[in-house]
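> make a model of this:
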Amino acid sequence: MHSSVGTQRRRSTTRFTLLASTAVLAIGLFARSFLGSVAAQAPAGPVVLDSNLRVRTVVAGLQTPVTMAFLGANDFLITEKATGRVKRVVNGAVVATALDLAVNNNSERGLLGIALHPDFATTHWVYLYWTCATPPAPTPNTPQHDCAAVPQTGADSADVLATALLGNHVDRFVWNGATNTLTFDRNIIALHAFQFDQTNGRARGNHNGGVIRFGPDGKLYIIIGDNGRRGQLQNLVNGPFGPGIPDDQFGGPAPDDEHLTGVVLRLNEDGSTPSDNPFIGVTQAASAAAVANIHKIYAYGVRNSFGMAFDPESGNLWDEQNGDDTFDELNRIEPGANLGWVQVMGPIARVAQFKQIETTLGARDLQQVRWPPTNIADTPEEARARLFMLPNAHYEDPQFSWKFAVAPAAIGFMDGRGIGPQYSGDLFVGAATPVLDGGYLFHFNLTGNRRKIGVDDHRLDDRVADNSAKFDATESESLRFGSGFGVGTDIQTSPSGTLYVVSLSSGNVYEIFRP
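Coordinates of the predicted model:
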């Protein structure tokens with residue numbers, strides 16, 4: 001899911017590889033690799049800058065923990081990306097493994113997301129986003145089409161070819177607290193996972209997104225990255241090669257089942273499509289499957305994300321998105337938003353900067369040779385004209401961005417006043433790599449109407465941190481809240497009002513509290 005780090009650098013793009021536990025896991029979005037020792041760069045433990053607050057370790061020794069869900073005070077479920085396990089932690093101790101899915105954990109795949117149904121006390125429903133393991137595909141054209149009908153448990157795989165074409169699943173399980181078990185109930189949706197485009201020349205396992213959240217409207221929101229696709233939902237109307245030429249060996253570029261990526265989906269609790277989704281009125285597309293998938297979309301033009309959260313005060317949906325070498329973003333996502341990728345990252349007024357950096361820094365390929373950065377528009381007007389606009393869609397600039405990538409990951413709001421009234425409703429952002437500050441925590445205020453990022457530093461009036469290189473903190477000084485958290489993959493407010501941070505790279509869950 002998230003990132004990488006190290007001292008030996010190859011070509012720099014948007015993936016990081018991270019040394020976690022005893023294995024090197026490609027889980028981020030920026031490197032082609034910074035391989036090295038996380039421990040050598042990170043502080044002894046996490047710290048926060050506010051002298052009134054403290055940090056303690058809630059539970060240690062987990063294997064690549066990613067996301068968590070509170071069952072009650074000092075009681076939560078936590079997922080492990082690489083093992084496929086869901087564990088129950090009570091009073092700081094792992095008391096049970098509730099489920100052990102057979103995951104493909106190559107790169108950013110694995111057990112990636114968890115969400116409890118809004119009426120969990122009655123339904124006992126737990127939703128998981130995960131990548132299934134299958135027998136390896138014999139050729140780029142012959143992956144298994146879907147996962148097994150009933151989720152398989154047990155052995156995991158790191159083989160990049162050992163997953164299904166639709167290998168990213170969101171499934172619903174039933175929780176039994178007496179036996180500490182999760183029992184499969186139903187599949188909610190199957191999404192694209194297998195990436196081995198013959199034109200690209202190498203298999204990949206990145207840009208799976210994986211965060212799932214229930215909104216205040218009771219609907220399930222799912223984010224998946226582009227997964228290597230270059231089609232209409234990546235704002236290429238005719239795909240990367242032009243009219244009549246498929247996006248890849250499985251078709252495209254229309255958003256059929258094999259190409260539904262780079263989106264935020266909004267679904268009912270059973271996986272059906274809400275009747276008030278923003279594109280529900282679309283009736284014309286390349287196929288009936290494409291029409292049905294368009295109806296599920298809440299927003300599109302997403303490159304990749306490891307953080308999505310609802311503002312507890314306004315109900316607005318926010319995400320972070322990761323650029324390649326440039327323009328990481330924070331977005332407030334309205335229904336029907338086109339967020340711009342691949343035509344633009346960052347403010348559209350800066351598209352020339354986006355092009356200049358991506359054509360001169362790192363691998364210079366946007367990770368896919370099918371649509372290189374030399375194709376990026378030269379002017380904002382040209383970029384805007386190229387966008388694939390569904391009926392009722394609208395383009396949205398990010399609410400904040402960094403000129404050069406700093407690799408954000410988890411985002412979460414402080415829901416309450418448990419660590420101090422000055423933080424109530426504020427947004428916290430974790431890091432996808434320990435390169436900067438040993439894994440930073442950034443802190444953002446929102447404006448009074450909860451629609452924009454509030455800033456105190458006049459250099460940020462344009463809501464862009466104009467740093468001078470990747471992982472450089474220039475113009476982010478006022479945002480610094482903590483350091484040493486490693487790869488921060490989830491940020492949650494606890495039932496007691498403290499702030500929890502899941503650290504994939506340390507294998508720990510930390511609690512920020514006011515003594």
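> contacts, neighbours, all on C-alpha from now
Noted.
> show the model's pLDDT score for residue 372.
Residue 372 is assigned a predicted lDDT (pLDDT) of 96.
> okay, now the closest residue to it other than its chain neighbours: neighbour count?
Excluding its sequence neighbours, the residue lying closest to residue 372 (C-alpha to C-alpha, 6 or more residues apart in numbering) is residue 365, at 4.9 Å. Using other C-alpha atoms under 10 Å, residue 365 has 18 neighbouring residues.
> am I right that residue 365 is in contact with residue 357?
No: using C-alpha atoms under 8 Å, residue 365 makes no contact with residue 357, being 11.3 Å away.
> gap between the nearest residue to residue 471 once chain neighbours are set aside and residue 422?
For residue 471, ignoring the flanking residues on the chain, the nearest one in space by C-alpha to C-alpha, 6+ apart is residue 406 at 4.5 Å. For residue 406, the distance to residue 422 (C-alpha to C-alpha, to the nearest Å) stands at 26 Å.
> for the two, indicate the residue with more neighbours.
Legend: neighbour count by other C-alpha under 10 Å for residue 406 and residue 422, higher for residue 406 (29 against 9).
> backbone dihedrals for that one, please?
For residue 406, the backbone dihedrals (degrees, to the nearest 10) come out as phi -120, psi 0.
> give me the neighbour count for residue 366.
21.
> about what we covered before: quick one, what contacts the residue nearest to residue 372?
358-359, 371-373 (C-alpha atoms under 8 Å, 6 or more residues apart in numbering).
> now swap in residue 188 and tell me
Per C-alpha under 8 Å, 6+ apart, neighbours of residue 188: 169-172, 270-272.
> quick one, what contacts residue 297?
Contacts of residue 297 (C-alpha under 8 Å, 6+ apart): 263-266, 277-279, 336.
> among these, name the ones in helices.
Applying DSSP state H to the contacts of residue 297, no entry is found in helices.
> mind checking which of the residues you listed land in strands?
If you go by DSSP state E, the contacts of residue 297 have 263-266 in strands.
> give me the next element, helix or strand, following the helix or strand harbouring residue 411.
Using DSSP states H and E, the element containing residue 411 is strand 408-413. The first helix or strand that comes after strand 408-413 along the chain, using DSSP H and E, is strand 427-431.
> contact partners of that next one?
406-414, 439-446, 485-491.
> show the buried residues in those residues.
406-414, 439-445, 485-491 (16 or more other C-alpha atoms under 10 Å).
> who's the closest residue to residue 75 other than its chain neighbours bridged to?
Distances taken as C-alpha to C-alpha, 6+ apart put residue 90 closest to residue 75, at 4.5 Å, once the chain neighbours are dropped. Per DSSP bridges, the residues bridged to residue 90 are residue 75, residue 93.
> who's in contact with residue 90?
74-76.
> what's the closest of the residues you listed to residue 255?
Relative to residue 255, the closest of these is residue 76; by C-alpha to C-alpha it sits at 36.4 Å.
> for the protein, what helix or strand is lowest in average pLDDT?
Sorting the helices and strands of the chain by mean pLDDT, DSSP states H and E puts strand 34-35 at the bottom, at a mean of 24.
> Throw the ones in strands among the contacts of residue 297 into CSV and include pLDDT, distance to residue 67 and neighbour count, thanks.
CSV is the format used below for these (pLDDT from 0 to 100; distance: C-alpha to C-alpha, whole Å; neighbours: other C-alpha atoms under 10 Å):
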residue, pLDDT, distance to residue 67, neighbour count
263, 98, 20, 27
264, 99, 18, 27
265, 99, 19, 24
266, 99, 20, 27
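> could you give me the PyMOL syntax to select whichever of the contacts of residue 365 are buried?
Remark: buried members of these, expressed as a PyMOL selection using 16+ other C-alpha under 10 Å:
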select buried, resi 358+359+371+373
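> could the contacts of residue 365 be laid out in TSV, adding secondary structure?
Shown next, in TSV, are these (DSSP: H, G, I helix; E, B strand; the rest coil):
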residue	secondary structure
358	helix
359	coil
371	coil
372	coil
373	helix
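> now the contacts of residue 365 in a markdown table, with distance to residue 118?
Compiled in a markdown table, these are given as follows (distance: C-alpha to C-alpha, whole Å):
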| residue | distance to residue 118 |
| --- | --- |
| 358 | 42 |
| 359 | 45 |
| 371 | 41 |
| 372 | 43 |
| 373 | 42 |
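> the residue lying closest to residue 61 once chain neighbours are set aside: neighbouring residues, count only.
Closest residue in space to residue 61, ignoring its immediate chain neighbours: residue 507 at 5.3 Å, by C-alpha to C-alpha, 6+ apart. By the criterion of other C-alpha under 10 Å, residue 507 has 21 neighbours.
> how many neighbours does residue 480 have?
Residues lying near residue 480 (other C-alpha under 10 Å) number 18.
> who's the residue nearest to it when sequence neighbours are not counted bridged to?
Spatial nearest neighbour of residue 480, excluding adjacent residues (C-alpha to C-alpha, 6+ apart): residue 442 at 4.8 Å. Beta-bridge pairing for residue 442 (DSSP bridges): residue 429, residue 480.
> could you list every residue that touches residue 442?
Per C-alpha under 8 Å, 6+ apart, neighbours of residue 442: 428-430, 479-482.
> switch to 6 Å and redo it
By C-alpha atoms under 6 Å, 6 or more residues apart in numbering, the contact list for residue 442 reads 428-429, 479-481.
> adding pLDDT, write those out as JSON lines.
Below are the contacts of residue 442 laid out as JSON lines (pLDDT from 0 to 100):
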{"residue": "428", "pLDDT": "98"}
{"residue": "429", "pLDDT": "98"}
{"residue": "479", "pLDDT": "98"}
{"residue": "480", "pLDDT": "98"}
{"residue": "481", "pLDDT": "98"}
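> shaky segments in the stretch 1-150 of the chain?
Residues of the stretch 1-150 of the chain meeting the criterion pLDDT under 70: 1-43.
> which stretches of it form strands?
Taking DSSP state E, counting those that start in this stretch, the strands of the stretch 1-150 of the chain run over residues 8-9, 18-20, 23-25, 34-35, 47-48, 54-59, 65-72, 75-80, 85-90, 93-100, 111-116, 125-131.
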